[in-house]
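Visitor: How does the following fold in three dimensions:
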Amino acid sequence: MLNLFGKNKKKEDVVSSIISVSKVTSIQEISAISEIDADEICIIIEKLISKSKNDSQYKIFRNAYIDNKNNEIIIAKFTKSGGVTANIKNIFLSKTEWKCSFCKTMNNGKNDKCISCGAGRK
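Guide: Below you'll find the model as predicted:
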């Protein structure tokens with residue numbers, strides 16, 4: 001796990017912070033940021049959802065679920081605001097890559113247009 005989160009930080013707290021503060025909902029992005037395996041991320045999210053029923057610290061995960069088809073966590077609070085997700089991954093990964101805001105394809109920094117859909121870089 002990244003030293004950014006501290007040595008004694010629990011994995012649950014790291015995942016919860018990435019989702020609630022940065023509004024990242026993609027399992028793959030959460031995995032890349034936290035350096036935790038994607039399968040373990042799903043297990044942690046299930047625990048957070050379960051804890052949300054009894055612990056107000058995890059209330060953001062009430063009525064949340066994992067969309068296995070799109071490999072992301074769906075949180076009602078985020079989808080009401082248009083489902084905007086932060087692209088914090090670019091802070092930690094190479095600055096040469098960028099993610100298309102339309103089709104979500106990762107692109108090489110040399111390209112100003114998406115290789116998949118042709119949308120311009122924002």
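Visitor: Beyond the lowest-mean-pLDDT helix or strand in the chain, next helix or strand please.
Guide: Least confident helix or strand, the chain: helix 89-92 with a mean of 47, by mean pLDDT, DSSP states H and E. Downstream of helix 89-92, the first helix or strand assigned by DSSP states H and E is strand 97-99.
Visitor: Can you list the buried residues in that following strand?
Guide: 98, 99 (16 or more other C-beta atoms under 10 Å). For every residue, glycine as well, the C-beta is placed using N, CA and C.
Visitor: Mind listing the strands it pairs with, and their directions?
Guide: When pairing is defined by DSSP bridges, strand 97-99 lines up against strand 106-108 (antiparallel).
Visitor: so where's the protein shaky on pLDDT?
Guide: 1-9, 78-96 (pLDDT under 70).
Visitor: Show the residue spans covered by the strands in it.
Guide: Along the chain, the segments classed as strands by DSSP state E run 65-67, 72-74, 97-99, 106-108.
Visitor: How is the chain partitioned into domains?
Guide: As given by automatic domain parsing, the domain ranges for the chain are 3-86, 93-122.
Visitor: most neighbours per residue, which of the ones you listed?
Guide: domain 3-86 (a mean of 16; mean count of other C-beta atoms under 10 Å).
Visitor: Verify the stated contact: residue 117 with residue 104.
Guide: No. In this structure residue 117 lies outside contact range of residue 104 using C-beta atoms under 8 Å: 9.6 Å.
Visitor: In terms of secondary structure, what does the helix ranked longest in the chain contact?
Guide: Looking across the chain with DSSP state H, the single longest helix is helix 38-51. Counting contacts by 3 or more C-beta pairs under 8 Å, 6 or more residues apart in numbering; DSSP states H and E, helix 38-51 packs against helix 11-22, helix 27-34, strand 65-67.
Visitor: Let me know the angle separating that helix from helix 27-34.
Guide: Going by axes from the mean of the first three to the mean of the last three C-alpha atoms, to 10 degrees, helix 38-51 is angled at 100 degrees with respect to helix 27-34.
Visitor: hmm, who's touching helix 38-51?
Guide: For helix 38-51, contacts defined as C-beta atoms under 8 Å, 6 or more residues apart in numbering pick out 11-12, 15-16, 19, 27-28, 30-31, 34, 36, 57-58, 61, 64-66, 71, 73.
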